[in-house]
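**Q** Requesting a structural model of the entry that follows:
(one chain, ligands or ions: 1)
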Amino acid sequence: MEDPIRDSRFRTWSADVKSLLRERGNELQVEFASPIKVALPMWEATPWRDIIESGNDQSANGGVFNARVGVFVRKAGYHFGWDWGPRLVTSGIWKPVYIESWDDAMINNVHYTQTSVTAKEAVIDVVVEIVADHDVAGAVLKINNATDRRTEVTKKVSLTKGLNKIPLTFRMRNPRLGWTAGLGEQFLYDFSTELSLGGGTIDSEPQKLGIRSLRVVVEPDKYGESFYFELNGHPVFAKGSNYIPCDNFLPRVTEAIYEKTIQDAVAANMNMLRVWGGGIYENDVFYDLCDKYGILVWQDFMFSCALYPSEGELLENIRQEAIENVRRLRNHTCLAIWCGNNECLDMWFKWGVKRRYDRYNPEWSARVWKQFTDLYFDVLPAVVAEHQPGIAYRKSSPYADDMGTRTDSIGDYHYWDVWGQGLELDLYNKVRSRFFSEYGFQSFPEFSSIKRFAPQHRDWAVTSEVMMSHQRGGARANERIAAMLERDYGVPSDFESFTYMSQLLQADAMKIAMEAHRRDMPFCMGSLLWQMNDCWPVASWSGRDWYGRWKAMHYFTAHAFDDILISPIEEDGNFNVYVVSDRLKPAEGELIVTAMDMEGRTLARHSIKKKIIPANTSTNVFILPIWAVLPPGLKHEGIVVNVTFIDANGKTYQNNYFPAKHKDMEYRRANITTDIVAAEGGFDVTLSADKFVRGAFIHFDDGGSDREVNFVHRSSLGVVSDFVSDNFVDIIPGHPVTVHVSSEMSVEEARGRIRIITLETARKTLSGVE
Ligand code: BMA
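**A** Numbers count the residues shown, from 1 in each chain. Next comes the predicted model:
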């Protein structure tokens, strides 16, 4: 059977094979045309081809000069290259192929709408789609609840040949509600829809479902317009990251890799991932795991940073893609919002693209804008409204209004100025938004990861060919990191130190931002880092590298996104401490503020016992003039302020405040002692020091000097060996820090291989400081 071209990786393709099948020896042949060759004629036929906006399409790398053809084919955008990924335009089958067969009738789709959910009662409307081969009388449809061992609803149905849509409703008294990670249990009910005929079940469709009310609250408020997620009646501050595909070659992403990725998000106290529009609508397992672990999903449609031709057949193809994916994902408990695209509106109005098109040819410009509004303002929201009524749709991210206006007081925002222009990190404290859906800062993978793809000594330089190939942001990105290190931290003494310091810089920068966003609660109700993961080993904005190793940022995220954040800051001549609580009940505990010198001697100490911390908001709990905390007459460069909050159960939250830039802080080389003792699943490491230590990075020597380091295949990603529970830790003299290492190493081996890098050991000694 010759079949027409099926031209979207985002759709499912099926064909009726009944008349073709033989008992044995069936063969399925799939031919793939080169996506580039298919798209080239479309590109050539486009009058404005030379100014097509698709900046990440590395067409020249692909040998097709300026032919940015990626936008003409419905393939993952990042396969054409991105500023963190190589250009690898793949072809192939990436999802299961199967034959579906049935007699009489089969369940085609079941859609659960949680029409109203309170702690008292849930009303669930279900539409069951059944395809019948012929008219069927006397069928019975049931929705079973295996969790509570009962049938929620039973209905006798008569089916007519073809597609039947059968509505059912059931109510649950006192449902066990589902919550995001950190707020409560991630309870999922086991439902199944059962179709029976003549007493026998002929088809059934299972569905795990978390019962919850979830909405995006966009309403005028005293600041402008709110933008926040509300779960079971409670505003939820969204803490999370932007997620890109885990690999350039998607079938290599195993279930273990998906699970590790989601678990790592939870371990960093995140409750939301944004599936970014330049990748793919993820596999079902991704959303299953988000349901299971309580991660909300912000789902972009797959359009990012480009102008996508969308009229005629192309638009119809996209409409079908949207219908299929909304239908596929709509029952997921985790699915919180659909969004038209990533940065396309911003690009049109803010990146000078509209101006360029207008100048080039106003008629074409108008046509491109019509395509734009047809797609994001009409077709996609109509698909969402029809197939998943009730869920929120945003036209773009960032978005405040249809004219691409940027304002603090409405909508979400992508804040890139500090990284993009190399500005002062403190700006993260100043910029405001109702919801930060992106902000980021680059760093390098740690040295042991680099040795996996660059095993030769001669490659261990930022400018080596292999390192430059694994830096898609180009030399400018490296220069910016180096300049900001020199400005704020000091000059790294060698390549390995550079990689370490780049991570500390990234982590500190993002920590400032995360804390600022949370302190600004409830004005600001979301903070999504750019980016969670990598699709290959690369210098990027990620929190964990392609091998699954956590960068400093991911460790800092775990603290900055903890259920209680204790955040010190100097404001208007005062030393303030904010406590931000995501807990749904007030917390009580002791707050201690201690200024100390580099030997750990206390210079000033304040404590408030039985401090009540209000639920689910940010509170400034400690305001003193600076001089009361940082004693006058002493150089601020020699002082660290530790703030600690101990809650009623003894859980301790800590933060260190540095009154000067790290470059100027009077850190001294410390003697660090490491004590290693066996513990379940590995060992515990206790670090103590005689002087204050900034950012101690615990790792284990892998013996890689100038020799080849064996390439470990990706299957190892799910199980990162020698995982350190907390890292890049500060050590205060007299206050040992203990971390757990999950490892198969013996204690003896660990003692031999443990290495510690600190800011002081990594940077070139500054004059006058020894
Ligand atoms: C963001 C993203 C990506 C990009 C990242 C880093 O705005 O949307 O397009 O990879 O910036 O530059």
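**Q** mind listing the strands for the stretch 451-600 of the chain?
**A** Using DSSP state E, counting those that start in this stretch, the strands of the stretch 451-600 of the chain run over 526-529, 564-571, 574-581, 587-596.
**Q** And the helices in the stretch 651-770 of the chain?
**A** Using DSSP state H, counting those that start in this stretch, the helices of the stretch 651-770 of the chain run over 747-753, 759-762.
**Q** How about the residues of this protein by the ligand?
**A** Contacts of the chain with the ligand, taken as C-beta under 6 Å from any ligand atom, map to 82-84, 304-305, 342-343, 414, 438, 440, 530, 541. For the C-beta atoms, the positions are set from N, CA and C on the backbone; glycine is no exception.
**Q** Filter these down to the buried ones, PyMOL style.
**A** The following PyMOL line selects those of the residues of the chain next to the ligand that are buried, judged by 16 or more other C-beta atoms under 10 Å:
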select buried, resi 82+83+84+304+305+342+343+414+438+440+530+541
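**Q** out of the residues of the chain next to the ligand, which are inside helices?
**A** Here DSSP state H is the test, and the residues of the chain next to the ligand give no hits in helices at all.
**Q** Sort out which residues of stretch 461-478 are buried, please.
**A** For stretch 461-478, burial by neighbour count (16+ other C-beta under 10 Å) applies to 462, 466-467, 470-473, 477-478.
**Q** Those residues into TSV, with extra columns for distance to residue 654?
**A** Listed next are those as TSV, based on distance: C-beta to C-beta, whole Å:
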residue	distance to residue 654
462	33
466	39
467	36
470	35
471	34
472	36
473	33
477	32
478	33
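**Q** Tell me which of these fall in helices.
**A** Using DSSP H, the members of these that fall in helices are 466-467, 477-478.
**Q** Can I get those residues in a markdown table including pLDDT?
**A** Formatted as a markdown table, these follow (pLDDT from 0 to 100):
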| residue | pLDDT |
| --- | --- |
| 466 | 97 |
| 467 | 97 |
| 477 | 98 |
| 478 | 98 |
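**Q** Closest one to the ligand out of these, please.
**A** Nearest to the ligand among those, counting by C-beta to the nearest ligand atom, is residue 477 at 9.1 Å.
**Q** Excluding chain neighbours, what is closest to that closest one?
**A** Distance criterion C-beta to C-beta, 6 or more residues apart in numbering; nearest residue to residue 477, sequence neighbours excluded, is residue 442 at 5.6 Å.
**Q** The one you found reaches residue 473, doesn't it?
**A** Yes: using C-beta atoms under 8 Å, residue 442 is in contact with residue 473, at 6.3 Å.
**Q** Now do the shared contacts for these two.
**A** Shared contacts of residue 442 and residue 473 (C-beta atoms under 8 Å, 6 or more residues apart in numbering): 539-540.
**Q** between the helices of the stretch 651-770 of the chain, which gets nearest to residue 376?
**A** Of all the helices of the stretch 651-770 of the chain, it is helix 759-762 that lies closest to residue 376, at 45.7 Å by C-beta to C-beta.
**Q** which other helices and strands contact the closest one?
**A** helix 495-519, strand 693-700 (3 or more C-beta pairs under 8 Å, 6 or more residues apart in numbering; DSSP states H and E).
**Q** Of the ones you listed, which stretch is the most buried?
**A** Among the helices and strands packed on helix 759-762, helix 495-519 has the highest mean neighbour count (mean count of other C-beta atoms under 10 Å), at a mean of 24.
**Q** Could you give the average pLDDT over that helix?
**A** Averaged over helix 495-519, pLDDT sits at 98.
**Q** ok, now stretch 668-680?
**A** Per-residue pLDDT values across stretch 668-680 average out to 97.
**Q** Throw the residues of the chain next to the ligand into a markdown table and include pLDDT and distance to residue 505, thanks.
**A** Below are these laid out as a markdown table (pLDDT from 0 to 100; distance: C-beta to C-beta, whole Å):
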| residue | pLDDT | distance to residue 505 |
| --- | --- | --- |
| 82 | 98 | 22 |
| 83 | 98 | 19 |
| 84 | 98 | 17 |
| 304 | 98 | 27 |
| 305 | 98 | 25 |
| 342 | 98 | 26 |
| 343 | 98 | 25 |
| 414 | 98 | 20 |
| 438 | 98 | 19 |
| 440 | 98 | 13 |
| 530 | 98 | 16 |
| 541 | 98 | 12 |
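**Q** what's the neighbour count on the closest residue to residue 638 other than its chain neighbours?
**A** Nearest in space to residue 638, with sequence neighbours left out and distances taken as C-beta to C-beta, 6+ apart, is residue 666 at 4.6 Å. When neighbours are counted by other C-beta atoms under 10 Å, residue 666 registers 17.
**Q** I am finished for the moment; much appreciated.
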